[in-house]
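[1] how does the following fold in three dimensions:
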Amino acid sequence: MMQSILSERAVREGLCQIEKHRCNSLLETSKQVLGYSGLLRTLCGLSQVTSTTRVLCGIVGIPGSGKTGLSKRLVEDANAKSGKDICAHLPMDGFHFRNSYLHANGLYGVKGAIHTYDVGALLQKITEIKQTKGKLVRAPDYVRAIHDVVEEAVVIKAEADLVIVEGIYIGVPLGLWENVAKEMKTIMFLDETPKTCVERIIKRNLDVGRSRAEIIDKLINDLDIMKITLQAIESATALVRL
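    Residues are numbered from 1 along each chain as shown. Purely as a prediction, here's the structure:
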């Protein structure tokens, strides 16, 4: 099934375009490249910065690049290294518009597109998190088991001085997303090959029983998202390659 989907003309041509776009974006920039250990050291250093507000680090990458897994691993390792919960994770996906809203507005079929997120609510929550250092803050999360948003599912503990804000549009220079980028102390772009990301997306959807047609529709939507996400390379502080 994997090869059958990859050979679909729309997927094949879309993937080719994204690979060219990524190569061109990388050629036009000169960024420091970090591995995992270098990234962890950078984050631990940021957590020690003396500040009256929390420090936010953005992690961005195209769909399927492994942003969420990387963010959770960084939080776990940073906290283990310090011996306390100095680091927390705020997933951008918690700021999806709810399914009820998407269905009512004919947007469910393009879920994940930039206009299916409540960027205003994200910006408001980021401001709250920064300005309430030393206090517990709750935020929404996206729960894959129900494919919808659950309020107050993310808990940022009072002792967390560093928060990783992770998602596909962090650092993208469009509309209010530019204001989101400005709130970040640093932005790291997780650079993974588009083909690897597409294969992960296919596997993820096969594992939950989606049909070939459903997966192809999902991939076409995600390939469009990738074009936008790649714009974040320009505003990134560094590239991350694992």
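[2] and stretch 135-155, how far from the chain's centre?
    Mean C-alpha position of stretch 135-155 versus that of the full chain (Cα atoms, centre = their mean, to the nearest Å) differs by 15 Å.
[3] which residues in the chain form strands?
    32-34, 55-60, 87-91, 137-143, 148-156, 162-166, 186-190, 238-240 (DSSP state E).
[4] looking at those, which is nearest to residue 125?
    strand 137-143 (5.4 Å; Cβ to Cβ). Yep, even glycine has a C-beta here, placed from its N, CA and C like the rest.
[5] list the buried residues for the closest one?
    Across strand 137-143, burial judged by 16 or more other Cβ atoms under 10 Å covers 137, 139-142.
[6] thinking again about what came up before, how about the strands of the chain in JSON lines, adding mean pLDDT?
    Formatted as JSON lines, these follow (pLDDT from 0 to 100):
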{"stretch": "strand 32-34", "mean pLDDT": "97"}
{"stretch": "strand 55-60", "mean pLDDT": "98"}
{"stretch": "strand 87-91", "mean pLDDT": "98"}
{"stretch": "strand 137-143", "mean pLDDT": "97"}
{"stretch": "strand 148-156", "mean pLDDT": "97"}
{"stretch": "strand 162-166", "mean pLDDT": "98"}
{"stretch": "strand 186-190", "mean pLDDT": "98"}
{"stretch": "strand 238-240", "mean pLDDT": "98"}
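[7] OK, contacts around the residue nearest in space to the middle of the chain?
    Closest to where the C-alpha atoms of the chain average out (Cα atoms, centre = their mean) is residue 167, at 1.6 Å. The neighbours of residue 167, taking Cβ atoms under 8 Å, 6 or more residues apart in numbering as the test, are 59-60, 67, 91-93.
[8] thinking again about what came up before, which one among the buried residues of strand 137-143 gets closest to residue 5?
    residue 142 (24.2 Å).
[9] identify the residue spatially nearest to that closest one, adjacent ones excluded.
    residue 93 (3.6 Å; Cβ to Cβ, 6 or more residues apart in numbering).
[10] what's around the one you found, how many residues?
    19 (other Cβ atoms under 10 Å).
[11] tell me the contacts of it?
    141-142, 167.
[12] please enumerate the helices of the protein.
    2-6, 9-27, 36-47, 67-82, 99-104, 119-131, 177-182, 194-207, 212-229, 232-235 (DSSP state H).
[13] pretty sure residue 187 is touching residue 42, no?
    No. Under the contact definition of Cβ atoms under 8 Å, residue 187 does not touch residue 42, with a separation of 11.7 Å.
[14] which residues are common contacts for those two?
    In contact with both residue 187 and residue 42: no residue, using Cβ under 8 Å, 6+ apart.
[15] now the contacts of residue 93 in TSV, with distance to residue 28?
    Output for the contacts of residue 93, formatted as TSV (distance: Cβ to Cβ, whole Å):
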residue	distance to residue 28
141	35
142	32
167	23
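[16] and which of those is nearest to residue 130?
    residue 167 (16.8 Å).
[17] just the terminal-to-terminal distance for stretch 131-144.
    End-to-end span of stretch 131-144 (Cα to Cα, to the nearest Å): 30 Å.
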